[in-house]
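S.K.: Please work out how this folds:
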Amino acid sequence: MKNFAGLALVGLTVSCLAIGSTIGKESAIAQEQPSIQQPSSQPSVRSVNPNVALDGNWQLQWRLSGINHRARLSMNGNFGTMTVNARMPNGNLIAAEQRMTLTPTQNGFVLQGSRPTYPGSRRPVPNYNPDTFRIQPVGRRSELRVTNCSSGFCVPVSMRKY
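M.R.: Numbers count the residues shown, from 1 in each chain. As a prediction, this is how the structure comes out:
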């Protein structure tokens, strides 16, 4: 019985040492990880400003040179896509899809389109220039003043989340 109690005591000591050494190693690893910074090969998906959250789906409307434009914007952080439909005076409908990038400026943000293509294809739309929007936060209620400045002058844009 004395041998059995001694063996149990040795077993208990060994398991306590094993648990203690495991906890000690995990703590050391956890403390070292924050100081290790690995370069990211992917762009950040966080918004450029936490006070201007454009994440989600938006409907935009503006009138430029007598032509009504309606667009659907889908943003995830600083990047997204936008599909624009514009009815020409002759009745033809132009549809263009663009990749969108949100970047900070001194007065707010610029939402810049690139490579307008026919929706669902890679064929460029020949008569549609990329859209450029200026976005300025207004007041404390997260209101946004949005203008389209694609043609050299800026026109107001109605922008609402859906």
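S.K.: how close does Arg160 get to Gly66?
M.R.: 23 Å (Cβ to Cβ, to the nearest Å). C-beta here means a position set from N, CA and C on the backbone, and glycine is covered the same way.
S.K.: Strands of this structure, residue ranges please.
M.R.: Listed in chain order, the strands of the chain (DSSP state E) span 56-64, 67-76, 79-87, 93-104, 109-117, 132-138, 143-148, 155-156, 158-161.
S.K.: Would you reformat the ones you listed as TSV and include distance to Pro126 and mean neighbour count?
M.R.: Listed next are the strands of the chain as TSV, based on distance: least, Cβ to Cβ, whole Å; neighbours: other Cβ atoms under 10 Å:
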stretch	distance to Pro126	mean neighbour count
strand 56-64	18	16
strand 67-76	16	17
strand 79-87	14	17
strand 93-104	10	17
strand 109-117	9	18
strand 132-138	19	17
strand 143-148	20	16
strand 155-156	23	13
strand 158-161	27	12
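S.K.: In JSON lines: those strands, plus distance to Val125.
M.R.: Formatted as JSON lines, the strands of the chain follow (distance: least, Cβ to Cβ, whole Å):
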{"stretch": "strand 56-64", "distance to Val125": "15"}
{"stretch": "strand 67-76", "distance to Val125": "13"}
{"stretch": "strand 79-87", "distance to Val125": "9"}
{"stretch": "strand 93-104", "distance to Val125": "4"}
{"stretch": "strand 109-117", "distance to Val125": "5"}
{"stretch": "strand 132-138", "distance to Val125": "16"}
{"stretch": "strand 143-148", "distance to Val125": "17"}
{"stretch": "strand 155-156", "distance to Val125": "20"}
{"stretch": "strand 158-161", "distance to Val125": "22"}
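S.K.: now the ones you listed in CSV, with mean pLDDT?
M.R.: Shown next, in CSV, are these (pLDDT from 0 to 100):
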stretch, mean pLDDT
strand 56-64, 96
strand 67-76, 96
strand 79-87, 96
strand 93-104, 95
strand 109-117, 95
strand 132-138, 93
strand 143-148, 92
strand 155-156, 98
strand 158-161, 94
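S.K.: So which of the ones you listed is nearest Pro124?
M.R.: strand 109-117 (5.6 Å; Cβ to Cβ).
S.K.: surely Ala71 meets Thr81?
M.R.: No: counting by Cβ atoms under 8 Å, Ala71 stays clear of Thr81, with 10.3 Å between them.
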